[in-house]
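**Student:** After the sequence you'll find the predicted model.
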Amino acid sequence: IPRVNPISLSQLPLRPELVGEEPYGAPQLDVPVCLNVNENPYPPSESVRRQMAHAVSRSASGLNRYPDREATELRRALAEYVGFGVGSDQVWPANGSNEVMTQILQAFGGPGRRLLTFTPTYSMYPEYARNTHTDYVTAPRDAWFGLDAARILAAIAAHRADVVLITTPNNPTGTTVPVAVIEEVCRATDAIVVVDEAYQEFTDTPEDSAIALLPKFGRLIVVRTLSKAFALAGGRVGYAVAAPAVIDALRIVRLPYHLSATTQAVARVALANAPEMLERVDELRETRAGLEEWLRLHGFDVVPSQSNFLLFGRFTDRHEVFSRLLDQGVLVREVGPDGFLRVCAGTPAETDAFRKAILTILPRIS
Ligand code: PMP
């Protein structure tokens, strides 16, 4: 008998909709300059790291017990961070906004229900839908990758959407949807409206958030993450902000003890040090703005971004450009419309390396 069973994936009775699917994956390559997954390039400070180590060590003394299922302390800290008078009964954390979004579809999507998104947008959305047996439908953004209320409402009506997901700033375009548009949509639909604000802290006006609309609309859910501006992608914490009844719905579908005691401890330290965790956001916003201008000066098409990344092109063969950047140790992302690449703001040295790499492979157009 062989040590490992030789059965292949195609011999397994996989759910039909999973046949031929591959696991999600931006390439995780060991290269000097990683500008491909919109992370914050700065690790937590020495002082925050020490506090995290201490908190994890303290929580380890209770690791024989299950963690707080309701993440009470963490929710309190998140509510305080979010502001807008939000209470801890309006906040729900999970392992990244990936998990939050999956829980939203487990509660409000499912067989016979439809999730609507506006393309081009985040590539994980169809996977959340597939994994929760929710139908996935899309409508295009306008020529500038923007959205207005008429376009959103027409698509909701045309697709009879049960859940509509609006990403602002949008990944991979970096374009935003004004809060006034979201308000108009919420006023005119019965659908659950999810606003993915993963990159909100990078915008010029972070306080302009759909969270302000929550008192008016019970079916509105705003999803955020500590993975981006907050520099905690490895900690895996995202959260929903919504009416207490919506949070109750998410509590029904969550796995018991979904958020480990270790995660909760680390996230609480991060939130207790919020100003420090966020201190590079202004710099990253400026880096993105500078890079946007630089790329435009060099003749590229650049989508105006309110995030920490940029979509730029146009290339007849974007894969060729991607590969040649990679040859020079610079990893960007092949996503979005044909002919475009996405790059995120790094440290000054990383961003310089990207500029140099681009210049060596492209004739200057200026
Ligand atoms: N939403 C958007 C728009 C994103 O770009 C990402 C990460 N790339 C996420 C959600 C997921 O982030 P996380 O699960 O790390 O919170």
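**Tutor:** Everything's here; your move. Predicted, not measured: the structure shown is a model, and the values here were computed from it. Numbers count the residues shown, from 1 in each chain.
**Student:** So what's the residue count around whatever residue of the chain ends up closest to the ligand?
**Tutor:** For the chain and the ligand, the shortest gap (C-beta to the nearest ligand atom) falls at residue 96, measuring 2.7 Å. Using the backbone N, CA and C atoms, a C-beta is placed for each residue, glycine as well. Each residue near residue 96 was counted by other C-beta atoms under 10 Å, and the total is 22.
**Student:** Residue 228 is in contact with that one, correct?
**Tutor:** No. Assessed by C-beta atoms under 8 Å, residue 96 is found out of contact with residue 228, at 10.9 Å.
**Student:** what's the nearest residue to residue 153 if we skip its chain neighbours?
**Tutor:** Nearest residue to residue 153, sequence neighbours excluded (C-beta to C-beta, 6 or more residues apart in numbering): residue 188, at 5.5 Å.
**Student:** what's the burial count for that neighbour?
**Tutor:** Counted by other C-beta under 10 Å, the residues lying close to residue 188 total 14.
**Student:** now do residue 150
**Tutor:** Residue 150, neighbours per other C-beta under 10 Å, totals 12.
**Student:** which residues touch the closest residue to residue 40 other than its chain neighbours?
**Tutor:** Nearest non-adjacent residue to residue 40, counting by C-beta to C-beta, 6+ apart: residue 231, 3.8 Å away. Neighbour list for residue 231: 39-40, 42-44, 277-278, 280 [criterion: C-beta atoms under 8 Å, 6 or more residues apart in numbering].
**Student:** Which residues of the chain lie near the ligand?
**Tutor:** Proximity of the chain to the ligand (C-beta under 6 Å from any ligand atom) is limited to residues 38, 96-98, 122, 167, 171, 196, 198, 225, 227, 233, 238.
**Student:** how does it look with 5 Å?
**Tutor:** Within the chain, the positions lying close to the ligand (C-beta under 5 Å from any ligand atom) are 96-98, 122, 171, 196, 198, 225, 227, 238.
**Student:** Which of these are buried, as a ChimeraX select command?
**Tutor:** Here is the ChimeraX command that selects the buried residues among the residues of the chain next to the ligand (16 or more other C-beta atoms under 10 Å):
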select :96,97,98,122,171,196,198,225,227,238
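**Student:** ok, back up a step: filter the contacts of residue 231 down to the ones in strands?
**Tutor:** Using DSSP state E, no member of those sits in strands.
**Student:** Just among the residues you listed, which is most surrounded?
**Tutor:** Comparing those on neighbour count, residue 40 comes out first with 25 neighbours (neighbours: other C-beta under 10 Å).
**Student:** ok, now how distant is that residue from residue 13?
**Tutor:** As for residue 40, its distance to residue 13 is 42 Å (criterion: C-beta to C-beta, to the nearest Å).
**Student:** next one: residue 100
**Tutor:** The gap separating residue 100 from residue 13 is 30 Å, by C-beta to C-beta.
**Student:** try residue 25
**Tutor:** Look at residue 25 and residue 13: by C-beta to C-beta, they are 24 Å apart.
**Student:** again with residue 172
**Tutor:** According to C-beta to C-beta, residue 172 and residue 13 sit 35 Å apart.
**Student:** repeat for residue 202
**Tutor:** Counting by C-beta to C-beta - residue 202 and residue 13 are separated by 44 Å.
**Student:** Those two: who's more crowded?
**Tutor:** Per other C-beta under 10 Å, whichever of residue 202 and residue 13 has more neighbours is residue 202, with 24 against 5.
**Student:** For the more buried one, give me its contacts.
**Tutor:** Contacts for residue 202 (C-beta under 8 Å, 6+ apart) come out as 169, 228-229, 281, 284-285, 288, 306-308.
**Student:** try 7 Å this time
**Tutor:** 229, 281, 284-285, 306-308 (C-beta atoms under 7 Å, 6 or more residues apart in numbering).
**Student:** same thing with residue 71?
**Tutor:** Contacts for residue 71 (C-beta under 7 Å, 6+ apart) come out as 93, 259, 264.
**Student:** Now these in a markdown table, please, with extra columns for secondary structure, pLDDT and neighbour count.
**Tutor:** As requested, those are exported to a markdown table (DSSP: H, G, I helix; E, B strand; the rest coil; pLDDT from 0 to 100; neighbours: other C-beta atoms under 10 Å):
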| residue | secondary structure | pLDDT | neighbour count |
| --- | --- | --- | --- |
| 93 | strand | 98 | 26 |
| 259 | coil | 98 | 23 |
| 264 | helix | 98 | 22 |
